[in-house]
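# requesting a structural model of the entry that follows:
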Amino acid sequence: MKAIGSILTPILTIAGSDCSGGAGLQADLKTFSAFKLFGMSVVVSVVAENTARVISCFDIPKQIIDEQMQAIFEDIPPKAVKIGMLGSKETIECVSENLAHFKPENIVIDPVMFAKNGFALMDPKNCELFKQKMLRFADVLTPNIPEAQYLCGFEIKDEKDMIKAAKELCELGAKAVLLKGGHSETNANDVFFDGQNVQIFKAERLKTKNTHGTGCTLSSALASNLALGKSKIEAVKEAKDYVFKAIKYSLNLGKGCGPTNHLFEFMGLE
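Have a look, this model is predicted:
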């Protein structure tokens, strides 16, 4: 067996578990591996879901989340943290307290609110608490249009509204915002605002139903690039390229929206 001479860069996901493997922390860990990073996880929820539906969701008790965080940070501090689904008031408060205590760097927050089929993974009643407790920790916040509408409180109809929302989310505490345009009726362009400058990332819309876990995958790819020392702009560009290819070579599995192919490069597809 070939010896590994260098230490892989550690990276952490704080997210829910998708038992079908296409989204959540499973998608994050596969993405970390694709970027040749050492992935670690703090499980905050267990979701019984597949490509077609969500059956149920169970939130992990606060004590277990606290102890997972302690286990990670006292031993292998990560170079970046991706945060996904925070399903309850208690979970939001618990993760916020741990972030304030451990002070990790390069935090990417994906404000997961709904599953692909519309199942609420965060109670909309917790939206205000999420804004108060979590946005200040986001080095990059990655909402889609429906999530940004909930967080901002106004309808997003076009690119102008997307820019307005990104700026407002920075005013609420996020250091930078990547507002994803996949739900737009006109195009799939994303808006990036770093607190000073706006940049539009144009995106080709691929004709496929296999998009399960794309939001999780994008945010974990972005965190991966930050862990590797890339600038935010570079991290966004490379994350979007990775997700485009993961969708391009997506897997036709399941009865609903199939998963993306996180390991397309290892399969010799690029």
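# looks to me like residue 235 is in a strand.
No. The assignment for residue 235 by DSSP: H, G, I helix; E, B strand; the rest coil gives helix, which leaves it out of any strand.
# which ones are touching the residue lying closest to residue 79 once chain neighbours are set aside?
Distance criterion Cβ to Cβ, 6 or more residues apart in numbering; nearest residue to residue 79, sequence neighbours excluded, is residue 227 at 4.0 Å. Yep, even glycine has a C-beta here, placed from its N, CA and C like the rest. When contacts are counted by Cβ atoms under 8 Å, 6 or more residues apart in numbering, residue 227 touches 9, 10, 11, 35, 37, 78, 79, 80, 106.
# make it 6 Å
Contact partners of residue 227, counting by Cβ atoms under 6 Å, 6 or more residues apart in numbering, are 9, 11, 79, 80.
# find me the pLDDT at it, would you?
At residue 227, the pLDDT value in this model is 98.
# next: residue 207.
Per-residue confidence for residue 207 comes out at a pLDDT of 85.
# strands of the stretch 1-150 of the chain, start to end?
Using DSSP state E, counting those that start in this stretch, the strands found in the stretch 1-150 of the chain span residues 10-18, 38-49, 54-59, 81-83, 107-109, 140-141.
# so which bits of the third one are buried?
Going by neighbour count (16 or more other Cβ atoms under 10 Å), the buried part of strand 54-59 is 54, 57, 59.
# Serialize the residues you listed to TSV and add fields for pLDDT and distance to residue 206.
Supplementary listing: these in TSV, determined by pLDDT from 0 to 100; distance: Cβ to Cβ, whole Å:
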residue	pLDDT	distance to residue 206
54	92	24
57	93	29
59	96	34
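# quick check, nearest of those to residue 124?
Distance to residue 124, by Cβ to Cβ, is smallest for residue 57 among the buried residues of strand 54-59, at 14.8 Å.
# which residues are in contact with the residue nearest to the closest one when sequence neighbours are not counted?
The shortest distance from residue 57 to any non-neighbouring residue, by Cβ to Cβ, 6+ apart, is to residue 47 (4.9 Å). Taking Cβ under 6 Å, 6+ apart, we find residue 47 in contact with 16, 18, 57.
# coming back round to it: now the strands of the stretch 1-150 of the chain in CSV, with distance to residue 222?
CSV is the format used below for those (distance: least, Cβ to Cβ, whole Å):
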stretch, distance to residue 222
strand 10-18, 11
strand 38-49, 14
strand 54-59, 25
strand 81-83, 8
strand 107-109, 5
strand 140-141, 6
